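K.L.:
sequence unknown, structure follows:
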């Protein structure tokens, strides 16, 4: 199995409704994860892209969150409709999808 060039982590954390931190589960993360996997298959990128679901990535109120390595680029408020742009622009084209970037001040 070849080492992937890109590794995508999709937060699928879920917490009870009303939890003070919120969760990506309340922001459509399951649909986002399903779309990443479906497009991985449709595009036949198994040798270059890995997709993994994960627990909390930190900024819960900005979900659904997606983290792409090796660049360490974090996307916020990702919807299933955004997945095509992440594939086309970032994973294939090498360009960050600026409109989906996590705000820099989130880590203050």
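P.N.:
Perfect, I can see it now. Predicted model only: the values in this text are computed from it and were never measured. Residues are numbered from 1 along each chain as shown.
K.L.:
tell me where this structure has helices.
P.N.:
For the chain, helices defined by DSSP state H occupy the ranges 29-43, 83-85.
K.L.:
how about residues contacting the shortest one?
P.N.:
Pointing back at helix 83-85 there. Identification of contacts with helix 83-85 by Cβ atoms under 8 Å, 6 or more residues apart in numbering yields 32, 35-36, 39, 97, 100. Any C-beta I mention is one placed from the backbone N, CA and C, and that applies to glycine too.
K.L.:
what of the longest one?
P.N.:
Contacts to helix 29-43, defined as Cβ under 8 Å, 6+ apart, come from residues 8, 10-14, 46, 49, 51, 53, 63-64, 66, 78-80, 82-84, 87, 92.
K.L.:
identify the residue nearest the geometric centre of this protein.
P.N.:
Per Cα atoms, centre = their mean, the C-alpha nearest to the average position across the chain is that of residue 66, at 2.1 Å.
K.L.:
list the beta-bridge partners for that residue.
P.N.:
In this entry, residue 66 is beta-bridged to residue 10, residue 75, by DSSP bridges.
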